[in-house]
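Enquirer: Here is the input, now give the coordinates:
(2 chains)
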Amino acid sequence: MILSIQQVVKRYADHTALAGVSLEIPKGQIFGLLGPNGAGKTSLIRIINQITAPDEGHVLFDGELLQPKHVEQIGYLPEERGLYKKMKVGDQLMYLAQLKGLSKAEAQSRLKDWFIRLDIKDWWYKPVDNLSKGMQQKTQFIATVVHEPKLLILDEPFSGFDPINANMLKDEILALKERGTTILFSTHRMESVEELCDSIALINHSQVVLTGEKEEVRNRFKQHAFEVSYSGELEESKAFDIISITPEKNKAVIKLTEPNQTNKAIAALIKQVDLFEFKEVIPSFNDIFIQVVAETK
Amino acid sequence: MNKILLVIQREYLTRIQKKSFWVASLLGPILITAIYAVPIWLATQDKEVKRIEILDESGLFQMSDLVDKEVEFKLVKKPVSDLKSSFTKEGYAAFVHLPKDLLTHSKDIKIYSEKNLSLPLKSSIERVIEKKVRAILMKDAGIASEVYEKTQIEVSSETITVSEKGDETSSSSGGAMILAGVMGMLLYVTLLLYGSQVMNGVIEEKSSRIIEVIISSIKPYQLMLGKILGVGMVGLTQFLLWIVLTIGLSQVASKFYSANPMQQKVEQIKKGDPEVAKKIEDASPMAEVTKVIESTNIPLMVGGFLFYFLFGYLLYSSLFAAIGSAVESAAEAQQFTFIVMLPIILAFIMAQFTLQDPDSPMAFWASMIPFTSPINMMVRLPYGVPMWELATSMILLVVGFLGCSWISARIYRVGILMYGKKITVKEMAKWLFYKG
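Expert: Take a look at the predicted model:
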């Protein structure tokens, strides 16, 4: 485990942001931290970044109690992000890289590599306020990863990215994962969760309400429902109920009366109709998110 | 520690790379030099001699009575109406009509001029006439002119400070006052200037939203400390530049001054007669300056100034940083900056009274309380301050700084992450007691 969050409580004057949150984040994964606005995601991220300290509980980083030295192994791209407007891109990145503990020479050589990699070689001497928003986002991304952190924390990384830059970012995230970086990825954009995450945790009302590997979570929310297309007359049987039906298209959604008795349902179906298609309905994370958030209100 | 150095470096370099820094660094010395060089220069310039015609109906004046270094007089006998039309054509600035009964009607003198007469010229004319009229009246009253001359004396004094041991130092109360005023003013301006620079730096980081990235690398107090020290070093650099450039410029200015023909004449006279030379030297404004320099403990002044600038700056800039952290824009900051500026302004107002009476109880307390002591102690210092008072004031200032920076750091670490909330002073007070 790269991160082990144990019974963390954080209270502010007028509310409790985290009420005993525990999470295990395995090494080398892309871990999605989900939750509606105000659920406590940012509070948790700030604690991991040691911007604030928990009132109770503790956080282990790579088996050790979280300490100031660990900031050099964490990269953080906050949701609200900015740069020094008057500074040149190169100076700015040198400064941020050195704050993360890189030596001057090391920072310089790594930054040069990144500038070549992202094809922005001639930006070094440009002041930030001459950059477009997309260019600033690239700069911010480099600042987040230049010190090759073990843990990368991205808070809504895709917000404000155009599709081209979003794609670039996605590729870079996957490349970093290949090299063994763990990525903690906070978002409420479910399509990127489906696409990128290995595991997820859902936080609502200051608590973890759902956690696990992506497929396993999905299985948990399976309704044992199937989409079928056929020709003939479809009627309910002992093996399944019809949830919805569109006769003109010869399509229907059925639900097994007993879980995991798929063959029984198929047998019942082929007695009634000519079966063309039989496909399990997989719940989307969007559905799961909405369902869980509604349940935990 | 290493990271604080990085912050200091960034704050320092980005500021001294700005054009405005160099403009201020160059303009300062030019202004300072100009303030004292221009009047000296003007004074040494050969003034254009004004020519004045005098129509003397009283018949009391001879050409020998009408001598003035800035005015050339000519006695004429023409009707007033002729003079009125001719004096400008003949190149006279004005003509003066003295009435027949000048001795009894000394206020009936009329001066005709084309343009409005300048005040110095008017008084030069009046002085010459007055001198003659007074001499005649004295003579009529039976007082010999020699007696009258003898009574025209000037009083001047030399001020000397005596220490308890009886050591005497020639002092200069005028000079001490100027020195005190200048140092107090300089502190006032720089405290405000650099304090608000710190505040604007904090606001910049917060409003550009880079703050969260930075404090995921270093602790908020490290960032605050680095910023304050970096800006402070910019201030010290600026002082250094001001001092070096002012000295350089004054050297150049004094070269011009001594190259002036009139000054050369004075030098010649000095060489010829040592007694006259001493008189000239005592009378010149430079003598006063030399006297101040001789009677001032320069290391104490410089050391005192640096100490009070540094700790006064640290105290106020930490408060400015706290305010910057609590707001989201410079406009929003205004209502709070007033709270911090009030004691500085108050200190400056008190300094005006301290300047008049440096040993009054108010001056004493003003130079003890950390918020007002930097300006007020610097104003008192040229007049001489007992060692124990100086030491107490310095210790109190350091304690005051530690207290303020503790309060500020606690407000700062909460404030920099607070967005979209209208902040009140009460709210800020609450932040003091927030945990980690």
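
Enquirer: Can you give me the pLDDT of the residue of the stretch 101-250 of chain A found nearest chain B?
Expert: Closest approach between the stretch 101-250 of chain A and chain B, counting by C-beta to the nearest C-beta: residue A:143, at 6.7 Å. Bear in mind the C-beta positions are built from the backbone N, C-alpha and C, glycine included. Looking at residue A:143, its pLDDT is 93.

Enquirer: Ok, residue B:167 next?
Expert: So residue B:167 comes in at 65 (pLDDT).

Enquirer: circling back to that earlier point, state the distance from the residue of the stretch 101-250 of chain A closest to chain B to residue A:105.
Expert: Per C-beta to C-beta, to the nearest Å, residue A:143 is found 18 Å from residue A:105.

Enquirer: Who has more neighbours out of those two?
Expert: Ranked by neighbour count (other C-beta atoms under 10 Å in any protein chain shown), residue A:143 and residue A:105 place residue A:143 first, with 27 against 8.

Enquirer: The more buried one contacts residue A:93, doesn't it?
Expert: Yes: here residue A:143 lies in contact with residue A:93, judged by C-beta atoms under 8 Å, at a distance of 5.7 Å.

Enquirer: Point out the residues in the stretch 201-350 of chain B that sit beside chain A.
Expert: Within the stretch 201-350 of chain B, the positions lying close to chain A (C-beta under 8 Å from any C-beta of the partner chain) are B:204-205, B:208-219.

Enquirer: counting residues per helix, which one in the chain is longest?
Expert: No chain was given, so I picked chain A. When chain A is scanned for its longest helix (criterion: DSSP state H), the result is helix A:163-178.

Enquirer: hmm, I had chain B in mind actually
Expert: Using DSSP H to assign secondary structure, the helix with the most residues in chain B is helix B:220-259.

Enquirer: Need the overlap of contacts for residue A:143 and residue A:93.
Expert: The overlap between the contact sets of residue A:143 and residue A:93 (C-beta atoms under 8 Å, 6 or more residues apart in numbering or on different chains) is empty.

Enquirer: Just the buried residues of stretch A:228-238, please?
Expert: Buried positions in stretch A:228-238, judged by neighbour count with 16 or more other C-beta atoms under 10 Å in any protein chain shown: A:228-230, A:234, A:237.

Enquirer: now the end-to-end length of it.
Expert: Using C-alpha to C-alpha, to the nearest Å, one end of stretch A:228-238 lies 17 Å from the other.

Enquirer: ditto for stretch A:243-262
Expert: Criterion C-alpha to C-alpha; first-to-last residue distance in stretch A:243-262 is 16 Å.

Enquirer: what comes into contact with that stretch?
Expert: Contacts of stretch A:243-262 from elsewhere in the structure, counted by C-beta under 8 Å, 6+ apart, are A:223-231, A:234, A:238-242, A:264-265, A:269, A:281.

Enquirer: And residue B:197, how close does it get to chain A?
Expert: If you measure residue B:197 against chain A using C-beta to the nearest C-beta, to the nearest Å, the figure is 14 Å.

Enquirer: List the contacts of stretch A:71-82.
Expert: With C-beta under 8 Å, 6+ apart, stretch A:71-82 has contacts from A:42, A:45, A:48-50, A:61-62, A:100-101, A:140-141, A:144-145, A:147, A:149-157, A:159, A:186, B:208-213, B:216-218, B:419.

Enquirer: What are the buried residues along that stretch?
Expert: Judged by neighbour count (16+ other C-beta under 10 Å), stretch A:71-82 contains these buried residues: A:71-79, A:81-82.

Enquirer: Now, these that are in strands?
Expert: Those of the buried residues of stretch A:71-82 mapping onto strands are A:74-77, per DSSP state E.

Enquirer: any idea how far stretch B:238-248 is from the chain center?
Expert: A distance of 16 Å separates the centroid of the chain from that of stretch B:238-248, by C-alpha atoms, centre = their mean, to the nearest Å.

Enquirer: Buried subset of the residues of the stretch 201-350 of chain B next to chain A as a ChimeraX selection?
Expert: For the buried members of those, the matching ChimeraX selection, counting by 16+ other C-beta under 10 Å, is:
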select /B:204,205,208,210,211,212,213,214,215,216,217,218,219
